[in-house]
Structures are given as structure tokens and as C-alpha cells.
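Undergrad: What follows is a predicted protein model with its sequence.
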Number of protein chains: 2
Amino acid sequence: MAADQVEQVRRFNRTVAERVGVLNDHYLGGARPYGQARLLWQIGDGGTHDVRGVRERLGLDSGYVSRLLRALERDGLVTVEPHPRDKRVRTVRLTEAGQRERAFLDDRSDALAASLLDPLDARQRERLTSAMAEVERLLTASMVSLEELDPGHPDAAHCLRSYAAELGGLFDGGFDPGHSLLPDPGELRAPRGLFLVARLHGEPVGCGGLKLPAGAPAEIKRLWVSPGTRGLGLARRLLSELEAHAARHGRDRVRLDTNKALEAAMRLYRDTGYTEIPAFNDEPYAHHWFEKRL
Amino acid sequence: MAADQVEQVRRFNRTVAERVGVLNDHYLGGARPYGQARLLWQIGDGGTHDVRGVRERLGLDSGYVSRLLRALERDGLVTVEPHPRDKRVRTVRLTEAGQRERAFLDDRSDALAASLLDPLDARQRERLTSAMAEVERLLTASMVSLEELDPGHPDAAHCLRSYAAELGGLFDGGFDPGHSLLPDPGELRAPRGLFLVARLHGEPVGCGGLKLPAGAPAEIKRLWVSPGTRGLGLARRLLSELEAHAARHGRDRVRLDTNKALEAAMRLYRDTGYTEIPAFNDEPYAHHWFEKRL
DNA sequence: GCCATTACCTGACTAAGGTCAGAGAATGGC
DNA sequence: GCCATTCTCTGACCTTAGTCAGGTAATGGC
């Protein structure tokens, strides 16, 4: 890794995290302690929420949240009631005053953002916001982790279901994995193959499988990226990781088949060094076959 | 201001401040409390520093710093000694253990930065770091504030000295403000004119003066931006602010003269709507004269 | 030599953010 | 109906990051 890139990231962390933090304190501080504000924000704007769920999303201690809720209750910003169906669980909702407070915090946040944009001219604002979007996008991409999972794992299954559902909508005549050449994802289990799941904040957001048939090229299967995380280069990363696994298992070629409806996928294959070859299987859903030498 | 830009800035603040913060805690937390780490960092890598100076740069309470120093001293990371020439002042320096600790924090910071870059491919790293540099640059630009100061104010005087020193190096035959048409910056004092100083973190980093002669167009003088803050659009901002002042004082034209050595300045003038006109004064250091209708 | 000022230290205090170990009530599986 | 589990709450406790009001020693201007 280039040292000047590391240095740039460090400088960014220092200046931005610090300066934005200072401004944050200036604009939002004083109004309400950070913990309470976070809670207020998470509870949202009117609906009821399980305390449990809120706690989980914020990753806070149960006792701590309880105390924060008492504080907000004392100030008349929230009401807490037992869940109608499970009286162990308690639900929380904002009162009108709570919604006003939340709107106030919202305004302060807007004011903070505006104070950053205000001294800049139109062109600079444009450049700042698009650079911010880029940083955000790439940081998000870098928070995605890949993990080798059993295809039967709930997260893997989730991805496979999403994959099938999406293809069902795209292919003429739908898609039924039971009719494909890979009716059983168990073929993507060691030692006959492997299955990778990509996660963002713990949620599965993509997957890819590799078949490792004995004495034959490895084969990419079930490459999928969730709609919300496209454009992060995730498919490319899954693909290159699967290729690395294939190489580690002694294969010098990787093959795959794909459907004509999957144009973005085919573009990816061509961009990353795959070339189209004649059909090497009789997968009913495939129109194109590709190969790459590793 | 565009609402979607405000929204983008807010999203950026949330995700970046939070995510980088979390990673920061993960990598740097536990090692040493933030306050101590900051102090350790500021004391630097071997030399001695006045406690006073360190405190000032970090903007911390004297009592607080004293306590932090005691803690670092207890851990054998720093030694504190009276200043040889002024025994009220105390100087602090890192011990060897302190330097090791600082190097350790340094490594952790590098590891943090690397952990962000690591999952990305070369192209993405390139894009991330350049977007980070852009964000940093523009946020720095937006932290610059303009203030109307008396030209005799120490910060104003600092800018004027720097201006003269720089021109002295650039012009054939040097530059002596005493020989220019504005020997006395007092002409840039209300009601005959005004003087703006740009500050970044309190330090003066640029200036610009406006002469408001009765019954004549306003005149831009002494426009200067410190070398370290060039490329932030600061000159453009000073210029447009001065023009706004001129308009507020009822002028419909602004004029200025400049030296042929100041190519960047002339580019700026042309870019922002100035057109070259015949000499309107006999300024000995000028080769070009410009005017803009407001 | 006096005295205001400067630099630092100490003690007392505060608020926020958080952890941990139960207690108590409700629930679900058997 | 019993019992382990789940969910929330409470009390006790801790660390960090400060702030504020003096106190002490050294210094510099007069």
C-alpha cells in the first residue's frame, strides 16, 4: 500500500473527524447530551418502537438505554408503554414535544451543514458535495467484509433466495433454481466448492459460489450483489476473491455461464479478463459462456 | 442553498464522523485516553516544549493539562523540568518510553488508515484518497473567515508585511511600499476605505484593501493570500467581498492596477469579469490596469 | 524592594457515557 | 403447572473530560 495514500487517509481522519466533530459540538452540543439525541433520533417521528430493537440498532447496554429513556420521559419527550402482545417488551414513542425536539435537532444539523457550504461559491459547493459522496461511497465499500459461509447458513440462504427472486423477475419465463444445473447449493460446500457472503454492518449484501469439480476448471456460480450496494465494486471484489480461491485450489482456468438479461454482469466479465467461449454445459438458463485464464 | 447539498453534507457527517470514529476507537481506544494521546502527540518526538505552548495549541485548561502531564509522568512517558531561563515556565519532553508509545500510536493510526484502503482495489484507493483530499481542501476553505480590520491591527500589518516581502522577491528591482502610490495603508481605513483580513484557525492567511475615493470608482489594493492557503479560492472570495463592499458604498465600478509578474492574479481578474483598461494612475510598480462594472 | 502579573499546580466539583450484577415480571416449551 | 429464558429496570460503580477557584513560586517593571 502506498505510504502517501495512508498519509492522506490519516490527514483526512484528523482534520475532518476533528473539525466536523468540533462543529457538531458547537451546533448540537448544549441542546441535549449526545446519547439522548441519538436515542431520540432512532426512535423516529411518531411510530412506536420496541426498546429492544432500538437498543440493538444503537448497540447500547440495556441498563444505559433504560436510563436514557427515563431521562427523556422526565423531560416529556417520550412515552414508554408495554407491548400489547408481550408485556415483557416495552415500546417507546415520541410525544409531540419529542417530535418538536427532534425537529429542532434536525434544524441544527441543517444549520451545521449549511455553515460548511455557506462560505463556498456554487462551483466549490458542487465539488465538495460530490467529493463527499465519493468518500462516503468508497468508505462504505471498504466496510464490506467477505466471509466463507456454508450455503445452508441463514445469511447465505438469504442471498440465494434474493438471487433467485431477482432472476425470476429478469428472465423471460422466470427462474427456478430447481430447474437449473445447480439445484442444490450444497455443491458449493467444501470440498466440492465454496460459498462467499459479503456483509455490510452485519447484513448480508452479496454472495458468490465456486464449484471445484475434480480435474476440470473451477466454475463461478450464484454471483449476486444486493440492489442497495451496487456501484461499490462489490461484484468485482467477490469475483476476484473467488478466482483467488480457484487458484489456491490449483485451477488455472475459471468458467461461468450467464443469461443474456444480465448485461451488467457480462460487462464485468469482459472487463476483468473473461472471454466468451462455446457452451461447456447445457444449463437451460444460460445464453453465454465465459472463461478466464488465471 | 440547495437542499440536496445540505442533505449530502449531513449524510457525510453522519457516516464519516461516526464510522471513522468507531474505527478510531477500535484501533486507538484502549491504548490510552484520548486526552493523553493528544498531549503525547503534541509534545512531539524528542525536543522540549513549554507546557504553556502545548496547552495553547490544544486549547485546554491549565489545570487539566497539569493533571494529564502528571498521569503521563507517572507512566514514565514524559519528564517535566523548569525552563532554564524562566523558572515559572515548565518544559516537557518525551522519555524513550514516551517516544515508543507515540510510535505505537502512530502505527495504530497507520493500521487504521490501511484497514480502510485494504479492501479496495488500486483504482478505488486512488479515487478515495483524491476525494478525501478534495473534501479536506474545501472544508479548509470553508473554515476561513473574513473580517474587516483596521490596517494597523497586528494581523493586518502581518499580511501587509508578507505582501510586500513577497512582491519584493517577485518584482524586478524589488518592491518598496513607500515608493508605491499607497505609502500609507491608513488610506484603507474607514471612511476612506476598508481592509479585510482572512483567518484560518485564528491565523491571518490573506487580505485585501479597498480605496473609496470620493466621486471615483472604488479601487482594490493589497490583495494577498498566504502561500500555504493558495488553491482554496480565497483570493476570489476576498475579491468578491471587496466588490460587494464597493457596491454597498454606492460605487458601480471597481478598478485595480497590477504588475506583470502577477500572472495568477491577472488570470483571476479576467476570470471574474475584469477587463484591461488604459492606465488610470501612475503607480510605478504597475504594468496593467483593470476595471469591472458591478 | 514592592507589587502586579504570569505560569503552574491542587483540590473540589460536574456531566456524560457506560458497565455490571442482580431483581422482577412475563413468556414459552415441555 | 413448572422452569428456563427473555426483557426491562435499578442501584452501584467507574473512567474520561472537563471547569473553577484559589494557592504558590518566579518574574519584570517601577
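TA: That came through, no problem.

Undergrad: Verify the contact between residue A:177 and residue A:164 for me.
TA: Yes: counting by C-beta atoms under 8 Å, residue A:177 does reach residue A:164; the two are 5.1 Å apart. In this view, the C-beta of every residue, glycine as well, is placed from N, C-alpha and C.

Undergrad: how many other residues sit next to the residue nearest to residue A:229 when sequence neighbours are not counted?
TA: Nearest residue to residue A:229, sequence neighbours excluded (C-beta to C-beta, 6 or more residues apart in numbering or on different chains): residue A:205, at 4.5 Å. Look at residue A:205: counted by other C-beta atoms under 10 Å in any protein chain shown, it has 24 neighbours.

Undergrad: Okay, buried residues for the helix or strand bottoming out on mean pLDDT in chain A please.
TA: Ranked by mean pLDDT, DSSP states H and E, the weakest helix or strand in chain A is helix A:18-28, scoring a mean of 74. For helix A:18-28, burial by neighbour count (16 or more other C-beta atoms under 10 Å in any protein chain shown) applies to A:19, A:20, A:23, A:24, A:27, A:28.

Undergrad: just stretch A:52-71 next, same as before
TA: Neighbour-count burial for stretch A:52-71 flags A:52, A:54, A:55, A:58, A:60, A:65, A:68, A:69, A:71 (criterion: 16+ other C-beta under 10 Å).

Undergrad: which SSE is the last one in?
TA: Here residue A:71, judged by DSSP states H and E, is contained in helix A:62-74.

Undergrad: Downstream of that helix, the next helix or strand is which one?
TA: Using DSSP H and E, the next helix or strand after helix A:62-74 towards the C-terminus is strand A:78-82.

Undergrad: quick one, that following strand and helix A:62-74 angle?
TA: 120 degrees (axes from the mean of the first three to the mean of the last three C-alpha atoms, to 10 degrees).

Undergrad: Contacts for strand A:78-82, please.
TA: Strand A:78-82 has contacts (C-beta atoms under 8 Å, 6 or more residues apart in numbering or on different chains) with A:40, A:43, A:48, A:51, A:69, A:72-73, A:89-95, A:98.

Undergrad: Which of these lies at the shortest distance from DNA strand C?
TA: Distance ranking of the contacts of strand A:78-82 against DNA strand C, using C-beta to the nearest atom of the strand, places residue A:89 first at 7.9 Å.

Undergrad: Give the full set of residues in contact with that closest one.
TA: A:50, A:51, A:52, A:82, A:83.

Undergrad: Send me stretch A:1-17 as PDB with only the CA atoms.
TA: Output in PDB follows, covering the C-alpha atoms of stretch A:1-17 (Å, rounded to 0.1, in the frame of the first residue of the first chain):
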ATOM      1  CA  MET A   1       0.000   0.000   0.000                       C
ATOM      2  CA  ALA A   2       1.300   3.400  -1.000                       C
ATOM      3  CA  ALA A   3       2.600   5.400   2.000                       C
ATOM      4  CA  ASP A   4       1.200   8.700   0.700                       C
ATOM      5  CA  GLN A   5      -2.200   7.200   0.500                       C
ATOM      6  CA  VAL A   6      -2.100   6.100   4.100                       C
ATOM      7  CA  GLU A   7      -0.900   9.500   5.000                       C
ATOM      8  CA  GLN A   8      -3.700  11.100   3.100                       C
ATOM      9  CA  VAL A   9      -6.300   8.900   4.900                       C
ATOM     10  CA  ARG A  10      -4.700   9.800   8.200                       C
ATOM     11  CA  ARG A  11      -4.800  13.500   7.400                       C
ATOM     12  CA  PHE A  12      -8.400  13.200   6.400                       C
ATOM     13  CA  ASN A  13      -9.300  11.400   9.600                       C
ATOM     14  CA  ARG A  14      -7.600  14.000  11.700                       C
ATOM     15  CA  THR A  15      -8.900  17.100  10.000                       C
ATOM     16  CA  VAL A  16     -12.300  16.000   9.100                       C
ATOM     17  CA  ALA A  17     -13.300  13.900  12.000                       C
END
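
Undergrad: in chain A, which spans are helices?
TA: A:3-12, A:18-28, A:34-43, A:51-58, A:62-74, A:96-117, A:122-143, A:154-170, A:234-248, A:263-271 (DSSP state H).

Undergrad: out of those, nearest to residue B:220?
TA: helix A:122-143 (21.4 Å; C-beta to C-beta).

Undergrad: Now do that closest one against helix B:234-248, angle only.
TA: Using the same axes, to 10 degrees: helix A:122-143 against helix B:234-248 is 140 degrees.

Undergrad: what angle separates helix A:122-143 from helix B:18-28?
TA: Using the same axes, to 10 degrees: helix A:122-143 against helix B:18-28 is 50 degrees.

Undergrad: For stretch A:269-285, which outside residues touch it?
TA: A:167, A:171, A:175, A:179-181, A:236, A:239-240, A:255-259, A:286, A:288-293.

Undergrad: check contacts around residue A:180.
TA: By C-beta under 8 Å, 6+ apart, the residues touching residue A:180 are A:283, A:284, A:285.

Undergrad: Look up phi and psi at it.
TA: Dihedral pair for residue A:180: phi -80, psi 180, per degrees, to the nearest 10.
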